[in-house]
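Student: Structure, please.
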Amino acid sequence: MATGQEVRQAAWSVLGAVLQEHRLLAEVLADSAGALAPLSPPERARAQRLALATLRQMQRADRLLGPHLRRMPPAPVMNALRLALVEIHAEGAPAHGAVNAAVTLLRRDKATGRYAGLANAVLRKAGQAPGWDTLPPQSLPGWLRKPLITAWGKASVTAIEAIQAAAPPLDLTPKDPAQAAALAEALGAEALPTGSLRLSAPGQVSALTGYSEGAWWVQDAAAALPALLLAPQPGEHVADLCAAPGGKTLQLAAAGARVEAVDISAARMARVTENLARCGLTARTHVADALSWQPQAPLDAVLLDAPCSATGTIRRHPDLPFVKDGTELDTLVALQARLIDRALTLLRPGGRLVFCTCSLLPEEGEAQITAALARHPGLAVLPAEAPGIAPDWRSSEGGLRIRPDHWADRGGIDGFYMAVLARAAPVP
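Tutor: Coordinates of the predicted model:
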């Protein structure tokens, strides 16, 4: 069993991978030779929580550290200081323990050992500094903040940042909606208006009631909505394009549809297969490019969760602002348009397409639908209907725009855009 110091060491290594090497946290966590690999599942979870909390609170930590630093120390040293302050101020750890732990971390490495004295002096002062909770929350990076202010206004962006500063609750999608109330009671979960269940302090996911029986799967409430908009009927032939990790595939299969799950990544598709097996559901899985995959017959419906900037998921993935810089946006927007065009060719006359992205940027949402309608005469936006949809989620072109500051009193929700499209059926 690892010690608390080894857990901190792992969290420190994760911070270095994200902030210095600019690696996505998902990649770091999946590294079989990485710092988290030797830890037990609870220890891994603890190290991950520490790293995530530090990424969410980094600017607050830097504000407290600033008055006590004549110059910025090397990045690994700065990360150790940030980690300690977040432990003290956000996690409630005893100051002396967190300070001593940071000093020990720095002394383990020859390159950082000479900063141990500095860390001890600075942290003893900053660790006692008042006002942590009154400091502004972590700001979005400029490349993202400016267009979001243009799109949604400064007050909304400030509210989004406030939501993203806190660890999000855990949302679950019940396999059988008829059992949602009983499952919520067994889990001590809140039943959300859209049908998802929300846990504020879930603990170890695999130990929760119903996990081993496949009674639910982890899926943010916003991510569960596109499949509800598609409303597959029993026996309908549908495709989930860009399907991994599989939450929407599971929803479609649970509704009784004949599902084709398509994803270009073999590793990610393996997760879809595992989730299907745990939940006792069936779908045909295809490791293929959605731009070239072809079903054996025209489909009744397609769900396209297109690759995007993922800017709506920063509350759960606070590493994204430190790894991405917006330079990939034009490429993603072009790919999304190609995927929409391709998905439409897979449908039978009168078939429907749900397009969605976990992005906050209009060019990856509203603008895509407007452009698709211009490219495809006869294409129409169908009403977006599902339980629990709030009036202020509806956008002018007929889709749904969900922002993290929606449901702020419940802990927020991922940012998403989604719309239902259909070609007019030919007149007999």
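Student: residues touching residue 258, list them.
Tutor: 235, 236, 237, 238 (C-beta atoms under 8 Å, 6 or more residues apart in numbering). To be clear about C-beta, it is placed using only N, CA and C from the backbone, and glycine gets the same treatment.
Student: Could you state which residue of this protein sits nearest its centroid?
Tutor: Among the residues of the chain, the one closest to the centroid is residue 313, at 3.7 Å (C-alpha atoms, centre = their mean).
Student: roughly how far apart are it and residue 279?
Tutor: 23 Å (C-beta to C-beta, to the nearest Å).
Student: Then residue 49?
Tutor: 26 Å.
Student: For the contacts of residue 258, give me a markdown table that also has secondary structure and pLDDT.
Tutor: What follows is those, written out as a markdown table (DSSP: H, G, I helix; E, B strand; the rest coil; pLDDT from 0 to 100):
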| residue | secondary structure | pLDDT |
| --- | --- | --- |
| 235 | coil | 97 |
| 236 | coil | 98 |
| 237 | strand | 98 |
| 238 | strand | 98 |
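Student: And the residues you listed, which is closest to residue 354?
Tutor: residue 238 (9.8 Å; C-beta to C-beta).
Student: Is that closest one in contact with residue 299, as I believe?
Tutor: Yes - shown here, residue 238 and residue 299 form a contact pair, counting by C-beta atoms under 8 Å, at 6.1 Å.
Student: Just want to know which of those two has more residues nearby.
Tutor: Legend: neighbour count by other C-beta atoms under 10 Å for residue 238 and residue 299, higher for residue 238 (27 against 20).
Student: returning to that earlier point: between residue 49 and residue 279, which has more neighbouring residues?
Tutor: Ranked by neighbour count (other C-beta under 10 Å), residue 49 and residue 279 place residue 279 first, with 19 against 14.
Student: Just the pLDDT at the more buried one, thanks.
Tutor: At residue 279, the model reports a pLDDT of 97.
Student: What does the residue lying closest to it once chain neighbours are set aside show for phi and psi?
Tutor: In this structure, residue 279 finds its nearest non-sequential neighbour in residue 214, 3.6 Å apart by C-beta to C-beta, 6 or more residues apart in numbering. With angles defined as degrees, to the nearest 10, residue 214 sits at phi 70, psi 30.
Student: Could you give the number of residues near residue 214?
Tutor: Neighbours of residue 214 (other C-beta under 10 Å): 16.
Student: correct me, but it touches residue 174?
Tutor: No - with contacts counted by C-beta under 8 Å, residue 214 stays clear of residue 174, the gap being 10.7 Å.
Student: got a list of contacts for the strand ranked longest in the chain?
Tutor: The single longest strand within the chain, with elements called by DSSP state E, is strand 347-357. Applying C-beta under 8 Å, 6+ apart, the external contacts of strand 347-357 come out as 226-227, 229-230, 298-306, 308, 312, 336, 340, 343-344, 364-365, 368-369, 372, 382, 416-426.
Student: low pLDDT regions in the stretch 1-150 of the chain?
Tutor: Counting by pLDDT under 70, the stretch 1-150 of the chain shows low-confidence ranges at 1-2, 32-33.
Student: Mind jotting down where the helices sit in the stretch 51-200 of the chain?
Tutor: Counting by DSSP state H, counting those that start in this stretch, one finds helices in the stretch 51-200 of the chain at the ranges 58-65, 75-89, 95-107, 110-113, 116-126, 142-152, 154-164, 180-187.
Student: for the protein, what spans make up the strands?
Tutor: 170-174, 190-191, 197-199, 216-218, 237-241, 258-263, 284-287, 299-305, 347-357, 379-382, 400-402, 416-423.
Student: Domain-wise, how is this structure divided?
Tutor: 4-134, 220-423 (automatic domain parsing).
Student: which one of these is the most hemmed in?
Tutor: When those are scored by mean count of other C-beta atoms under 10 Å, the highest mean neighbour count falls to domain 220-423 (a mean of 20).
Student: In TSV: the domains of the chain, plus distance to residue 159.
Tutor: Listed next are these as TSV, based on distance: least, C-beta to C-beta, whole Å:
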stretch	distance to residue 159
domain 4-134	16
domain 220-423	4
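Student: Would you mind saying which of those lies nearest residue 206?
Tutor: domain 4-134 (7.8 Å).
Student: Ends of that closest one, what's the gap?
Tutor: 29 Å (C-alpha to C-alpha, to the nearest Å).
Student: Would you agree residue 395 is in contact with residue 401?
Tutor: Yes - if you go by C-beta under 8 Å, residue 395 and residue 401 touch, sitting 4.5 Å apart.
Student: Quick check: neighbours shared by those two?
Tutor: Joint contacts of residue 395 and residue 401 (C-beta under 8 Å, 6+ apart) are 365, 366, 417.
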